[in-house]
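Colleague: need coordinates for the below:
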Amino acid sequence: SWIEPGTTFEDIPDDWYCPVCWVTKKDFEPYYDEDNTVFWWYLSKVVSYKMLTENVLELSLKVEENIKVLKWQYAVLTLKDFDWEFSRAYSIVEYKDNIITFWIKIKDTWRWWRELKNTKVWDTIKIKWIIIVLC
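Modeller: A predicted model of the protein is given here:
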């Protein structure tokens, strides 16, 4: 997208837009941890891939690290197509024995779904945390 790897969010031009979906910089906001660094990524393995309904996928990912995860916490999943990565946020419906389960609404015309439907059990998906929602 004409932005060099490692560019800080602040250094992205204000008139930048995504050449695929046409969203602009103002449609995003940066996420940082307490040290003002980009959030940590974890590698996960797909352990279950099951359609619950015609348009809802249950995706279960196993992380090797022992991490604290809360139900309904949001996480960002990252896929890759055409040699570059893109991400989407989903809420967690279950976490047990280092396996994180998501229910993902799908639509055939979405870029995310076009890549996700090619995902197989034991494929690797990058994951990071955004926010914990406490009720």
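
Colleague: residue closest to the middle of this structure?
Modeller: For the chain, the residue nearest the mean C-alpha position is residue 77 (1.8 Å; CA atoms, centre = their mean).

Colleague: show me where this protein has helices.
Modeller: 111-116 (DSSP state H).

Colleague: where does the protein have low pLDDT?
Modeller: 1, 20, 28-40, 83, 129-135 (pLDDT under 70).

Colleague: who's sitting farthest from the centroid in it?
Modeller: Of all residues in the chain (CA atoms, centre = their mean), residue 15 lies farthest out, 24.7 Å.

Colleague: please name the residues that touch that residue.
Modeller: 24-25 (CB atoms under 8 Å, 6 or more residues apart in numbering). (Each C-beta comes from the backbone N, C-alpha and C, glycine too.)

Colleague: report the beta-bridge partners for the residue nearest to the centre of the chain.
Modeller: Beta-bridge pairing of residue 77 under DSSP bridges involves residue 88, residue 127.

Colleague: could you shift the numbering so residue one becomes 6, and keep it that way?
Modeller: Happy to do that; since the first residue is 6 now, the last one works out to residue 82.
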